[in-house]
Each structure stands twice: as structure tokens, then as C-alpha cells.
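>>> structure for the following, please:
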Amino acid sequence: MTTTTGLRDKSVIVTGAGSGIGRAAALRFAGEGARVLVADLDGEAAEGVVAAIGGDGGTARAVVGDLSEQRVVDEVVATAVEAHGGLDILVNNAGIMDRMSALGETDDAEWDRVIRVNLTAPFLLTRAALPHLLERESAAIVFTASEASLRGSAAGAAYTAAKHGIDGLTKSLAVMYREQGIRTNAIAPGGTATGMRPQADPEAHGPRAIGPYLRLVGKVSEPSEQAAAIVFLASDAASNINGAILPVDNGWAAI
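Just a heads-up that it's a prediction; the model follows:
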């Protein structure tokens, strides 16, 4: 298979790769000839992706665990480096939804869990991966942000704050490490057909307040459409794109 993406034999970590956008991205990277580390909390799902990649002649390994735990982060990075000969690309995709809670309805447990998984975990993994990415002449980091990182009307307080934080991390990394050959970008998905659903109380203030805005979502995308954008940003085709937050939302962000 001939590719023009420059991804053949690259070592890639994809988090949340057991399902949804992460799974689609892992399969697409493997299809481009990359070696993929599949990281997910669901062991059966992660191994299923590894099996699918292997069945198509690709190379993949799985690490299972909660990426907000430093032990799991260290295992993910070490496994990718040892099994695949270093690290070229990190895709911080794993995340969870909040309950669409307004700030006044957000309890400590919801806030702590959403921030820990959606913002702290990508910070920990990126920090652990950076020494290995810096060993390459060029490397790439791609985050999955959200439509909620572009506005205040697409999710609850915790998720919105976490995804705005992801935008900030993306831009900070882009500035801090561009001279060392690392490009950092993010996609901002709109509505996407994944299994991630908010456990929202429709009578609570948050869902009622943002409900009218959520009707502007428009066409719901497939995970493969989001994955295509991730792989593009990680590829040589995006060699001069750095610090971008790319909406993949059928124009929702333009409304």
C-alpha cells in the first residue's frame, strides 16, 4: 500500500481507542502503516481493536487502565516505546461527558471526575510522552477537544471547562515546542455517533438552558470523519499546521 501521509512505520498512541472516534483513528493509522498502541479502560474493546488491526496485517498493542493514574500513563508510554521503537505521534482522545449540569448544579464528584479524565489525564500522558517525542526530528500531538471548547452552550460546566483547557494546552504546547519539531493541534468535534451520552436530568437547569442551542447541531458525523481529521493533522500533509483547533462539525461553530 502506497501512502502520501508519511505515517508508515510511525509509532502512535491513541487513547480511548476501544470505541468511537479513538477506534476509528486507531484503525485509520494502522491502515496507513503506522504501529498503534491502543489505550482504553475497556480491556475487551481494546483487544478487539488490536485483533482487527492484526487481522488486516497491521501492528498494534493494547494497554488497559485509567489514564488519570500515573502508573497507567507510564505503562502506556513505555509499552509504545519498547514495542514500536520510540514514539512519533500522541493522540489524546479519551474522554467522558458530564451531566450537562449548570455550575450551580455541579457537585464535587462530577467536577473532579470530568476534569480528571478530560484534562488531567491528557496532561499526564503528554508530559510522559514528551521526552520520547523530542527524540524525533518531527513529531505530532493531536487532542480531541469539542464544540464545547469553542462555546458555552454545548455541554455542562465541567465538560466545557475541561475542553476549554484542552484548547489552552494545545496552543501552549504548539508555542513551547515548535522549535523542537513538535506540532500540536486539536479537532473540535460536533455531534458524533459514538456511545458517549450524557446522563442528564432533562428537568435540571443546565439541560433546559442549553437545549435550544443544541438543536443547532445539524448533521451528526460518523467517527470515521473525525478520525480522518485526526490522521490528517498528525500526517506530513499538515506539516505547517501548528496550534490549530479544527472544528469538525458541519459548520456548527460558524453559526
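>>> where do the helices sit along the stretch 151-255 of the chain?
157-177, 205-214, 223-234 (DSSP state H, counting those that start in this stretch).
>>> contacts for the shortest one next, please.
By that I understand helix 205-214. Residues from elsewhere that reach helix 205-214, judged by C-beta atoms under 8 Å, 6 or more residues apart in numbering: 99-102, 104-105, 151, 153-157, 200-202. From N, CA and C alone the C-beta is placed, and that goes for glycine too.
>>> from V217, how far off is A204?
20 Å (C-beta to C-beta, to the nearest Å).
>>> most remote residue from the chain's center?
Largest separation from the mean C-alpha position in the chain: E203, at 30.6 Å (C-alpha atoms, centre = their mean).
>>> where in the stretch 51-200 of the chain is pLDDT low?
Within the stretch 51-200 of the chain, not a single segment meets pLDDT under 70.
>>> which residue ranges form the strands in this structure?
11-15, 35-40, 59-64, 89-92, 139-144, 182-189, 245-248 (DSSP state E).
>>> hmm, A80 is touching V14, no?
No - if you go by C-beta atoms under 8 Å, A80 and V14 don't touch, sitting 10.0 Å apart.
>>> looking at the two, which is more packed in?
Under the criterion of other C-beta atoms under 10 Å, the comparison of A80 against V14 puts V14 first, with 34 against 26.
>>> who does that one bridge with?
Taking DSSP bridges as the rule, V14 bridges to V38, V91.
>>> now it: how far from R183?
Computed as C-beta to C-beta, the V14 to R183 distance reads 17 Å.
>>> what of L214?
According to C-beta to C-beta, L214 and R183 sit 32 Å apart.
>>> ok, now I166?
For I166 relative to R183 (C-beta to C-beta), the value is 16 Å.
>>> and if you look at K163?
Look at K163 and R183: by C-beta to C-beta, they are 20 Å apart.
>>> show me which of these two is the more surrounded one.
Set side by side, K163 and R183 show more neighbours around K163, with 26 against 23, by other C-beta under 10 Å.
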